[in-house]
Every structure is written in C-alpha cells, then in structure tokens.
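Colleague: Okay, here's the prediction I keep looking at, along with the sequence it came from:
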Amino acid sequence: MKTTIITVDRNLDNIKNYEQAVDILKSGGVVAFPTETVYGLGAIATDEKAVDKIFKAKGRPSDNPLIVHIGNKDEVAQYATEIPEKAHKLMDAFWPGPLTLIFNAIPNIIAENVTPGVKTVGIRMPDHPVALDLLRALKAPLAAPSANRSGKPSPTEAFHVKEDLDGLIPLILDGGPTGVGLESTVIDMTVQPPVILRPGGATREMIEEVIGFVAVADEKAPENTPRAPGMKYRHYAPEAPLYIIESDKEKIEHAVKMLQKEHKKTAVIGPDSLRVSNADWYFAIGSSDSTEEMAVNLYKALRQCDLIDADIILAVETDLVGVGAAFMNRLEKASEGKRFI
Ligand code: TXA
Ligand code: MG
C-alpha cells in the first residue's frame with residue numbers, strides 16, 4: 001500500500017481538503033490526522049472491520065481500548081448512558097481539549113473492538129482545526145489511538161507517522177507539529193471521586209479547580225485497581241536503554257564520564273540550561289522553567305535517539321507539578337522505572 005501525505009492548511013476552512021480522507025474512512029479504511037496532543041490513527045468507531053485495521057497497522061494488543069473522538073460536545077449523549085454533573089463541568093471547561101472522559105457505554109453502538117473487555121467508553125473532543133474539520137465533514141465518531149507502532153513514542157509530526165506506518169496506511173493528513181506533545185489526560189467519570197487513569201495535557205490541578213478532589217490511579221498497585229488498560233504495556237521507548245537522572249549538572253557530567261569509561265556512547269535529553277559538554281549528544285528540549293515546552297519536544301527527542309548509535313540515554317527528570325506529572329509518567333514508562341544513581 002502506498003502512503004500519501006497531504007498538507008492541510010490549518011487556516012483554510014475548506015471541505016475539499018478532507019474529501020479524500022472522508023472517502024477512505026467511509027469505505028472502511030484508516031487515516032492518520034493531527035490533534036493538539038499527538039497524531040491519531042482514525043477509523044469510524046462504529047465500523048468493526050475498519051477498527052480492526054488500526055490494531056493491525058499499529059501491532060496493538062487487542063485488549064487495549066481506543067478513545068472515541070467527536071466533533072461536537074452533544075454527541076456524547078449518543079454513546080454514554082449517563083453524563084454526571086461533574087462530567088458536564090469538565091466538558092464545558094476543557095473541550096475541545098486534551099481530556100478524555102470515561103463513561104458507561106450504551107451497548108451495541110460503538111464497535112465492540114473499540115472497547116475490548118470493558119463496558120465503558122472513553123470520549124474526547126480534540127482541539128485541533130484539522131481534527132475538528134475532519135470529524136465534522138465525516139459526521140461520524142473516530143476511534144483513534146496515537147498513530148505510532150505500538151510501544152514507540154507517539155508521533156508529534158506527520159513524518160513520525162510515516163516513519164512508523166509507511167506502507168501500512170493509505171493517508172496521513174499533515175497539520176504540522178502538535179501543540180501539547182503528550183497524550184490526553186484520561187479520567188474515569190464512572191466512579192466517585194473520579195480517577196485520573198493517565199496523566200496528560202489537562203493537569204490534575206486544572207481539573208480539581210473545576211470539580212474538586214480527584215484520585216490518581218496508582219500504577220504500582222495490584223491488578224484489580226482501576227487504571228487504563230494501556231498503561232500496563234512498555235511504551236514510549238527508544239531502542240537504547242533509558243535511565244532517568246536527577247536535574248543536576250555535576251551529577252550528569254559525572255554520569256557521562258563514568259559511562260564513557262565503560263566505552264558507552266551517551267545521549268542526554270534535558271533542559272536547555274543543563275547542556276553538558278561531555279555528552280556524545282545532548283537533546284535540549286526547552287526551558288527548565290517550562291515543563292509544557294519540554295513536553296512538546298520529548299517524543300521527538302526520544303525518536304531522534306533511534307537515529308543515532310547511542311548505547312545509553314539519560315533523561316533529566318522534572319518536578320511533578322502540572323504537566324510534569326504526565327512528563328514523568330512517560331519517562332517512567334520509557335525507562336521501565338530505571339534511574340541512574
Ligand atoms: O491524546 C490522545 O489521547 C491521543 C490522541 C490521538 O487523541 N490518543 C491516545 O490514544 O493516546 P491511545 O490509544 O494511544 O491511548 C488511549 C489510552 C490507553 O491507555 C487506553 O487503555 C485508555 O486510554 N482507555 C481508552 N478507553 C478506555 C476505557 N474505556 N477505559 C479505560 N481506559 C481506556
Ligand atoms: Mg498510544
């Protein structure tokens with residue numbers, strides 16, 4: 001299969017741009033498209049065969065549910081049995097935006113393989129003109145995971161999608177680099193208090209300002225505690241082993257020196273201000289004062305690590321405030337919890 005990339009101008013409100021994508025989706029195919037968080041790989045969420053193609057292209061485990069993307073807030077009522085008051089408040093405050101709400105699902109509407117093993121459905125309205133124009137032109141919900149091969153960092157640019165899925169999907173809509181850089185926050189609204197299953201672009205602090213206390217799923221907790229099924233898999237990982245390291249220039253310099261003594265070529269991913277001169281590569285991903293900026297550039301840096309021949313990657317930690325919680329969550333996954341001490 002040949003993979004075509006079409007550049008879609010964010011400023012052009014032109015249905016024509018989307019005709020090809022709509023045709024492919026309506027005939028049961030998949031299309032990659034930008035959202036404000038990361039690129040998604042979409043199929044019509046009521047079409048089981050089309051959704052199956054997402055799992056095949058990604059190599060995704062079939063027990064991991066997909067998020068349903070909608071173009072208008074009121075579509076939720078077509079898929080959720082009830083919309084709690086707090087969910088209404090969150091939808092008003094955050095949609096369109098990087099927040100996925102989990103509801104009890106009305107049976108037999110969304111295809112079964114979108115929500116394997118659960119009676120709930122995760123829904124979000126993305127805040128990206130291309131995603132919204134596509135959804136509105138299509139007039140159907142899109143099931144869409146991140147458009148990477150399973151286990152790889154999510155794509156934040158169209159060419160990342162091409163790197164992973166070239167020849168496996170027919171079309172990529174290129175809307176430029178994404179704005180948030182990490183996936184949406186996933187929050188379970190079927191329990192009280194609501195539980196954040198995956199930290200993301202909408203921070204706990206922002207959510208609590210709107211609806212008060214929310215719990216956060218403990219990923220180290222036993223099997224039966226609530227969490228997003230997808231969070232159990234190794235994720236976001238470059239090929240070389242990755243270790244988290246403290247945000248301290250001397251410690252990083254020392255670590256690089258030790259590793260080089262063992263003839264290990266070392267890449268460091270960290271803030272602009274900690275650029276150590278002895279590292280074989282230093283990927284500066286933004287100001288240490290702005291976790292938002294570092295989040296935008298993290299996945300690109302992880303992907304760049306696959307293009308060099310580093311033996312080991314050190315990634316500098318941030319605090320857990322705001323988007324820092326999501327940033328560190330992804331580093332924990334990419335490192336499988338390994339720290340360099
Ligand atoms: O920002 C995003 O959320 C991106 C863009 C494309 O929208 N999508 C994304 O999808 O990150 P994906 O499939 O890579 O991650 C979805 C996460 C998984 O951890 C999955 O287990 C969880 O959401 N999830 C989806 N539906 C769920 C449900 N009904 N119950 C619990 N967890 C759910
Ligand atoms: Mg993903």
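Modeller: That came through, no problem. Ligands and ions are numbered 1, 2, ... in the order given.
Colleague: What are the boundaries of the helices in the chain?
Modeller: All helices of the chain, identified by DSSP state H, fall at 16-26, 48-58, 85-94, 129-138, 158-165, 204-211, 249-261, 291-305, 324-335.
Colleague: Check which helices and strands the longest one sits against.
Modeller: Counting contacts by 3 or more Cβ pairs under 8 Å, 6 or more residues apart in numbering; DSSP states H and E, helix 291-305 packs against helix 158-165, strand 266-270, strand 281-284, helix 324-335. Just so you know, the C-beta spots here come from the backbone N, C-alpha and C atoms, and that holds for glycine as well.
Colleague: can you list those in JSON lines and add distance to ligand 1?
Modeller: JSON lines is the format used below for the helices and strands packed on helix 291-305 (distance: least, Cβ to the nearest ligand atom, whole Å):
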{"stretch": "helix 158-165", "distance to ligand 1": "11"}
{"stretch": "strand 266-270", "distance to ligand 1": "21"}
{"stretch": "strand 281-284", "distance to ligand 1": "22"}
{"stretch": "helix 324-335", "distance to ligand 1": "10"}
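Colleague: of all those, which lies closest to Arg136?
Modeller: Taking Cβ to Cβ, helix 158-165 is the member of the helices and strands packed on helix 291-305 nearest to Arg136, at 20.9 Å.
Colleague: First residue to last residue on stretch 269-280, what's the distance there?
Modeller: 11 Å (Cα to Cα, to the nearest Å).
Colleague: buried set for it?
Modeller: Ile269, Gly270, Pro271, Leu274, Val276, Ala279, Asp280 (16 or more other Cβ atoms under 10 Å).
Colleague: Identify all contacting residues around stretch 40-47.
Modeller: If you take Cβ atoms under 8 Å, 6 or more residues apart in numbering as the criterion, stretch 40-47 is touched by 25-26, 28-34, 50-51, 53-54, 57-58, 66, 68-69, 109-111, 114, 126, 131, 134, 138, 140-147, 161, 165, 169.
Colleague: So among the residues you listed, which ones count as buried?
Modeller: Looks like the contacts of stretch 40-47 have 25, 29-34, 50-51, 53-54, 57-58, 66, 68-69, 110-111, 114, 126, 131, 134, 138, 140-147, 161, 165, 169 buried, using 16+ other Cβ under 10 Å.
Colleague: got a list of what Leu135 touches?
Modeller: So Leu135 contacts His69, Ile70, Gly71, Pro126, Pro141, Leu142 (Cβ under 8 Å, 6+ apart).
Colleague: Skipping its backbone neighbours, what lies nearest the third one in space?
Modeller: In this case it means Gly71. Leu135 (3.2 Å; Cβ to Cβ, 6 or more residues apart in numbering).
Colleague: Up against ligand 1, what does the stretch 51-200 of the chain have?
Modeller: 64-67, 98, 100, 102, 115, 118, 120-122, 126, 144-146, 183-184, 186, 197-198 (Cβ under 6 Å from any ligand atom).
Colleague: One more pass at 8 Å, please.
Modeller: 60, 64-67, 69, 98, 100, 102, 105, 115, 118, 120-122, 124, 126, 144-148, 154, 180, 182-184, 186, 188, 197-198, 200 (Cβ under 8 Å from any ligand atom).
Colleague: just to revisit the earlier point, would you check which pair of the buried residues of stretch 269-280 lies furthest apart?
Modeller: Across these (Cβ to Cβ), the longest gap, 18.3 Å, separates Pro271 and Asp280.
Colleague: can you list the domains in this structure?
Modeller: 4-216, 242-335 (automatic domain parsing).
Colleague: now those domains in a markdown table, with distance to Tyr236 and mean pLDDT?
Modeller: Output for the domains of the chain, formatted as a markdown table (distance: least, Cβ to Cβ, whole Å; pLDDT from 0 to 100):
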| stretch | distance to Tyr236 | mean pLDDT |
| --- | --- | --- |
| domain 4-216 | 5 | 95 |
| domain 242-335 | 5 | 97 |
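Colleague: Strands along the stretch 51-200 of the chain, start to end?
Modeller: With DSSP state E, counting those that start in this stretch, the ranges of strands along the stretch 51-200 of the chain come out as 67-69, 99-104, 120-124, 142-143, 171-174, 185-188, 195-198.
Colleague: Turn those strands into a markdown table, columns for distance to Glu253.
Modeller: Listed next are the strands of the stretch 51-200 of the chain as a markdown table, based on distance: least, Cβ to Cβ, whole Å:
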| stretch | distance to Glu253 |
| --- | --- |
| strand 67-69 | 41 |
| strand 99-104 | 39 |
| strand 120-124 | 42 |
| strand 142-143 | 47 |
| strand 171-174 | 39 |
| strand 185-188 | 35 |
| strand 195-198 | 34 |
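Colleague: center of this structure, which residue is that?
Modeller: Glu183 (2.7 Å; Cα atoms, centre = their mean).
Colleague: Would you quantify the distance from that residue to Glu36?
Modeller: Using Cβ to Cβ, to the nearest Å, we find Glu183 at a distance of 11 Å from Glu36.
Colleague: Give the residues shared as contacts by the two.
Modeller: With Cβ under 8 Å, 6+ apart, Glu183 and Glu36 have common neighbours Pro98, Gly201.
Colleague: Quick one: residues contacting the closest residue to Ile313 other than its chain neighbours.
Modeller: Nearest residue to Ile313, sequence neighbours excluded (Cβ to Cβ, 6+ apart): Leu242, at 4.4 Å. The contact partners of Leu242, taken as Cβ under 8 Å, 6+ apart, are Leu302, Cys305, Ile312, Ile313, Leu314, Ala315, Leu331, Ala334, Ser335, Lys338.
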